[in-house]
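Asks: Fold the stuff below for me.
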Amino acid sequence: MIKTNFPKTDEEAKKYGGFLQHKGVFCKTFIAVNLEESVNNINNFLIKNRYKPVPVEFLDSDMSYEDDVISISPHGYKEEFVLFIKDSKSLNQTMESLIDFRDKRDWEQFHNSKDLALAISIEASELLEIFLWKDNEDVDYDKLEEELADVLSYSLLLVNKHNLDINEIISKKIAKNNEKYPVSKAKGKATKYNKL
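Replies: Numbers count the residues shown, from 1 in each chain. Next comes the predicted model:
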């Protein structure tokens, strides 16, 4: 996954200097004059695309490295590596399933920005309703799951409509909130930022 916009075609993958080996796997080859340069090139690419850097000790060996999303294998010469980035199950496949469900019913025509925003608000009200007249944590978990799914589904459809990057927009908001709510002033308090 490159951010939440994983390339779906070879043309999209080429923008990142790689290609799609098969559905859900982006491939990019790194060739350098020495191991140190390989480490730097791979990790700079990963960091730029919001991934954790690869442990340096891996590239000092002949072993392949792999985690849930990224794998790297030596290829050919000692300084040549192939990076594989897998489309993570989580959000991308959920989004695809949601879009597929919508498109099979020809509902996109109804999903303008205003109505999607209204739907989020209405479903959020239904989420609130399951807590009405109850203690703070007294909740029917089946209903909680169902109402949360509705809120999230309409939110994802609005994200998709405007081709937004979920990681990016949340990261931006966290950065803004870090400025509004510095730990030194906000820790342990529920006070609004302009009253801290």
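Asks: Can you give me the domain assignment for the protein?
Replies: 10-86, 89-174 (automatic domain parsing).
Asks: And Ser153, which helix or strand is it part of?
Replies: helix 141-161 (DSSP states H and E).
Asks: Go ahead and confirm Leu148 touches Leu127.
Replies: Yes - between Leu148 and Leu127 a contact is recorded at 6.5 Å, counting by Cβ atoms under 8 Å. For the C-beta atoms, the positions are set from N, CA and C on the backbone; glycine is no exception.
Asks: Pick out whichever of the two has more residues nearby.
Replies: Leu127 (17 against 14; other Cβ atoms under 10 Å).
Asks: list the contacts for the closest residue to that one other than its chain neighbours?
Replies: Of all residues not flanking Leu127 in the chain, Glu147 sits nearest, at 4.0 Å (Cβ to Cβ, 6 or more residues apart in numbering). Applying Cβ atoms under 8 Å, 6 or more residues apart in numbering to Glu147 gives the contacts 123, 126-127, 130.
Asks: where in the chain is pLDDT low?
Replies: Flagging of the chain using pLDDT under 70 yields the residue ranges 1-5, 23, 58-63, 77-78, 88-90.
Asks: just the strands in it please.
Replies: Applying DSSP state E to the chain gives strands spanning 19-22, 25-31, 65-66, 70-75, 77-86.
Asks: so which of those comes closest to Lys185?
Replies: Ranking the strands of the chain by proximity to Lys185 (Cβ to Cβ) places strand 70-75 first, at 37.6 Å.
Asks: just to revisit the earlier point, right, and out of the contacts of Glu147, which lies closest to Asn160?
Replies: Nearest member of the contacts of Glu147 to Asn160, counting by Cβ to Cβ, is Glu123, at 16.6 Å.
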